[in-house]
Structure formats: C-alpha cells, structure tokens
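Undergrad: Have a look at this prediction, sequence included:
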Amino acid sequence: MPVWPAVTLFALLAGGAGLVGVWLMARHETWARKHTSELITFASGLLVAGSLLHLLTRAGEMAGASTAMIWALVAFVVLYVSENHFLPHPHARTEEDCGHHHAHAPNGYGWTAVAGLGLHSVLDGVAVGAGFSESYLTGSVIVALVVSHKLPVGIASMGVLYHGGAEKAQAVRASVFVALITPISVIASYALLQNASTPVIGSIVAAAGGSFLYVGAADLLPEGQASAPGKNTLAFGLGLAVMVVVLILVPHETL
C-alpha cells in the first residue's frame with residue numbers, strides 16, 4: 001500500500017492539472033480554445049480504456065462481477081440524469097468558438113455548471129482515495145484518468161463562466177476552488193477508506209469506472225467529434241494506446 005507522502009503527492013498532481021487548465025484559459029485563452037478538442041479526445045481515450053480494461057475488471061474481482069456492474073451502471077445513470085436535468089456540464093466548445101455570436105448565457109447557468117464540476121471533483125477525489133486504498137496500481141490508474149480530464153475541465157469551467165458574464169477574477173477564483181476540491185477529497189477519502197473491506201472498495205472503484213466511462217464516452221468524445229474529426233480520431237486512438245501500454249508494462253499485482 002502507498003504511504004501518506006505518495007498519496008499526498010498524487011492528490012496534488014490531480015488538483016494541479018485543473019489549475020493548469022485555469023492558468024491556460026486565464027493567460028493563453030486563444031491557444032487553450034484552439035487545442036481543447038484534441039486534449040478532450042485524448043482524455044476520452046484514456047478514460048474509456050482505463051475504465052474498461054482496468055477499473056471495472058479489477059472492481060469485478062474485488063466485489064463480484066454483478067455487484068461491480070450494478071455500481072458502474074448506477075454511477076453512469078446518476079451522472080447522466082444530474083448533468084441533463086440538474087447540474088448542466090459545461091463544454092469547452094461554446095457557440096462563439098463555432099462562429100456563432102450570441103449574448104451571454106444567464107449568470108445562474110455558469111455558477112450552476114461550476115457547482116456540477118465541484119461535485120464531480122469530489123467524486124474524482126473519492127475515486128482516487130478508494131483506488132489507493134485497494135492498490136498502488138489502481139490508485140495510479142485513477143489518478144491518470146483524473147489528471148487527463150482535469151486540464152480540459154479547468155478550461156471549461158473558465159469558459160462557461162466567461163460565457164455566463166462573470167468577471168475574469170471571479171472566474172479564476174471559482175475555477176481554482178473547483179480544482180482544489182479534488183486533492184482535499186483524495187486525502188479525506190483515503191483516510192476514511194484505508195481499513196474498508198475489499199467489497200466496499202471494489203464497489204467504489206466500480207462506481208468510479210462507470211463515472212469515468214460516462215465522462216469519456218458521453219461528455220468528452222462527442223465534443224471531440226464536433227470538430228476536426230480526423231485529427232481528433234488520432235488523439236482518441238493515442239489516448240487508448242497510452243493506457244493500453246501502461247497496463248501492459250505495469251504488473252497487475254503491483255501494490
């Protein structure tokens with residue numbers, strides 16, 4: 001099992017990826033918007049491959065295949081319902097990016113979307129903490145999945161607040177807060193789950209796999225398909241390949 005310094009380091013890494021996205025949007029908005037679709041589709045490849053090839057299979061070994069699939073489905077459905085009816089998920093590609101110039105969305109939408117991102121950041125942190133409670137490999141895979149989509153999420157949170165009419169300073173503060181929720185949740189969840197039973201950890205890992213599968217396949221991948229399909233297909237394939245190579249090179253029994 002990993003020691004506390006390692007868990008803390010990975011927690012900071014997970015939060016740091018979101019801060020990088022915020023920094024890119026605050027200082028290099030044109031570049032960030034231009035390359036967000038490639039970042040998104042690369043992240044979706046990592047998320048889909050990591051969920052299917054490691055998290056869900058490992059959760060099945062820990063909690064039983066049927067139990068793991070139930071929890072994965074529950075997480076998938078909960079994210080779908082929450083994003084489509086309660087907490088709309090902001091996408092980095094806005095109307096302005098597509099060449100359509102509309103008035104700003106209502107301020108309430110921007111802050112509601114950021115609240116949704118904050119909730120997802122908590123879930124990301126819990127997933128990382130549960131993963132490290134199971135094994136170093138599972139925790140590391142989850143960190144890689146969290147990091148891969150936190151950078152575009154940092155860009156997206158800034159973008160949706162800009163679109164909602166928020167001032168730059170407000171957008172930066174809110175987006176930094178969202179990014180920092182993840183490392184706090186990692187440390188808290190690891191402290192609480194260190195002594196949890198294997199089936200409980202397996203169920204949480206399964207829910208993480210279901211949520212990452214949803215984010216990769218339903219949130220990020222359609223965004224990438226909306227522009228430059230050839231280039232983004234290569235980015236998606238690269239994300240898949242990177243995760244496959246990592247899982248081949250790292251022994252399954254790594255602790």
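TA: The structure has been received and is ready for your questions. Numbering: from 1, shown residues only.
Undergrad: ok, Arg58 touching Thr138?
TA: Yes - between Arg58 and Thr138 a contact is recorded at 5.7 Å, counting by CB atoms under 8 Å. C-beta here means a position set from N, CA and C on the backbone, and glycine is covered the same way.
Undergrad: Looking at these two, which is more packed in?
TA: Thr138 (26 against 23; other CB atoms under 10 Å).
Undergrad: Find the residues that touch each one of Arg58 and Thr138.
TA: Jointly contacting Arg58 and Thr138 under the rule CB atoms under 8 Å, 6 or more residues apart in numbering are Val205.
Undergrad: and the gap between the closest residue in space to Thr41 that isn't next to it in sequence and Leu47?
TA: Excluding the flanking residues, the one nearest Thr41 by CB to CB, 6 or more residues apart in numbering is Gly224, at 3.2 Å. According to CB to CB, to the nearest Å, Gly224 stands 12 Å off from Leu47.
Undergrad: With neighbour numbers in mind, choose between these two.
TA: For Gly224 versus Leu47, neighbours defined as other CB under 10 Å are more numerous around Leu47 (30 against 26).
Undergrad: same for the helix or strand where Ile184 lies, what does it pack against?
TA: Taking DSSP states H and E as the criterion, Ile184 maps to helix 168-193. If you count contacts as 3 or more CB pairs under 8 Å, 6 or more residues apart in numbering; DSSP states H and E, helix 168-193 packs onto helix 4-27, helix 107-134, helix 136-163, helix 198-214.
Undergrad: Quick check: which of those is nearest to Thr233?
TA: Comparing the helices and strands packed on helix 168-193 by their distance to Thr233 (CB to CB), the top pick is helix 136-163, with 17.2 Å.
Undergrad: now the angle from that closest one to helix 198-214?
TA: With axes from the mean of the first three to the mean of the last three CA atoms, to 10 degrees applied, the angle from helix 136-163 to helix 198-214 works out at 40 degrees.
Undergrad: remind me which residues of the stretch 151-255 of the chain are low pLDDT?
TA: 160, 163-164, 228, 250-255 (pLDDT under 70).
Undergrad: export the helices and strands packed on helix 168-193 to CSV and tack on distance to Ala188?
TA: Converted to CSV, the helices and strands packed on helix 168-193 look like this (distance: least, CB to CB, whole Å):
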stretch, distance to Ala188
helix 4-27, 10
helix 107-134, 7
helix 136-163, 15
helix 198-214, 14
